[in-house]
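Engineer: Sequence and predicted structure below; questions after.
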Amino acid sequence: MKSTKKLFAIALAGIAFGAAAQNYPSRPVTLVVPYPPGGSSDAIARIIGTSMGLTLKQPIIIENDPGAGGTVGTAKVARSPNDGYWLLLHNVGMAVSPTLYRRLPYKNEDLVPIGAVATVPSILVARRDLPAKNLEELLAFIKKNPSNVNFGHSGVGSAAHLCGLLFQSSIKSRLTTIAYKGGAPALNDLMGGQFDFMCEQATLLLPYIQSGKVKAIAVADKKRIPQLPNLPSTDESGLPGVEAGVWHGIYAPRGTPKEVIDKVSAALEVALRDKDVQKRLTDIAAEVSPPQDATPAALARIQQSDTEKLVPILKATSEYAD
């Protein structure tokens, strides 16, 4: 009898869970950004979240939960109820955190992909008074001052950190690195002359490059970007391989019902097709993902590709975090 009652209770719970999924969403949805306000991930989340909220007919609330290269906010979502009301907007850090951190408070398998959102190019920038004006001169400056050059980034496991590792691997040199708790704090110290250069997403850097507060050295990619047509890429400047475009995607806790995943994915696809969303993302130097990439399979493929590309580089360094 007890066994029958237990099975009956489980069946009722399953029916209730299925009904809730069908009625999803019936209240606001929280989209966690595991980085501070003002950065690229934050800007992308707010643009895409507004559009998706209109499709889902419920507001999407952006919650910034930064720390430890994005792992704090990621762990929060991984531990959240898997009912679709907690989502995560993350980036390439998802591909490498298990390698960079010896003790993660979650496993990548605790999160499931929903779809790709956008990719943002990274730019190498230097303090305004650094003698180097381009990549060739920066490399000469590093060669001349190998022990006195400081490289800043927005936290171990962040996209900026990965770009720095790619750069150091390419020039076969190890630089003194300074980790911050986000791109904005790092940028503030770069403008204050506290270190020499950094590699950060274009969305954050553009206003400061255009106002002359930092010195742009090169786009960390194969090609130039429309917003800075006169700034050469690392590829054309003789440093191929330093390609640090940063993809962003949406995730949900493992076990989130397929019906919910499908609804969020469909809302993302609508957003990616929206001309206003496309313009707003392009205006902040983000390359909008093709609408067909607003799927779990597409984001999983993108993440796996970067894991295969970056993990060997990471394993060749000793820059790990606890």
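Structural biologist: Good, I have the coordinates.

Engineer: Residue ranges of each domain in the chain, please.
Structural biologist: Taking automatic domain parsing as the reference, the chain has its domains at 2-120+246-315, 122-219.

Engineer: Turn those domains into TSV, including mean pLDDT.
Structural biologist: Shown next, in TSV, are those (pLDDT from 0 to 100):
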stretch	mean pLDDT
domain 2-120+246-315	90
domain 122-219	92
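
Engineer: Determine which of the ones you listed approaches residue 232 most closely.
Structural biologist: Of all the domains of the chain, domain 122-219 sits nearest to residue 232, with 5.7 Å by CB to CB. Heads up, the C-betas are built off the backbone N, CA and C, glycines and all.

Engineer: Quick check: end-to-end length of that closest one?
Structural biologist: Counting by CA to CA, to the nearest Å, you get 6 Å between the two ends of domain 122-219.

Engineer: So what's the gap between that domain and the chain middle?
Structural biologist: Here domain 122-219 is found 18 Å from its chain centre; the criterion is CA atoms, centre = their mean, to the nearest Å.

Engineer: now stretch 92-103
Structural biologist: 12 Å.

Engineer: switch to numbering from 794
Structural biologist: All right, first residue 794 from here; so that's stretch 885-896.

Engineer: quick one: contacts of that stretch?
Structural biologist: Contact with stretch 885-896 is made by 827, 861-864, 867, 897, 900-901, 904, 949-952, 955, 1039-1040, 1042, 1044, 1096-1097, 1099-1100, 1103-1104, 1107-1108, 1112-1115, as judged by CB atoms under 8 Å, 6 or more residues apart in numbering.

Engineer: now do 7 Å
Structural biologist: Stretch 885-896 has contacts (CB atoms under 7 Å, 6 or more residues apart in numbering) with 862-864, 897, 901, 949-952, 955, 1039-1040, 1096, 1099-1100, 1103-1104, 1107-1108, 1113-1115.

Engineer: Go through the residues you listed and flag which are in strands.
Structural biologist: 1039, 1040 (DSSP state E).

Engineer: Narrow the contacts of stretch 885-896 to just the buried residues.
Structural biologist: 862-864, 897, 901, 949-952, 955, 1039-1040, 1096, 1099-1100, 1103, 1107, 1114 (16 or more other CB atoms under 10 Å).

Engineer: can you give me phi and psi for residue 946?
Structural biologist: When quoted as degrees, to the nearest 10, the phi and psi of residue 946 stand at phi -150, psi 170.

Engineer: and it, how many neighbours?
Structural biologist: Residue 946 has 25 neighbours, counted by other CB atoms under 10 Å.

Engineer: Hmm, it is touching residue 991, no?
Structural biologist: Yes - using CB atoms under 7 Å, residue 946 makes contact with residue 991 at a distance of 6.1 Å.
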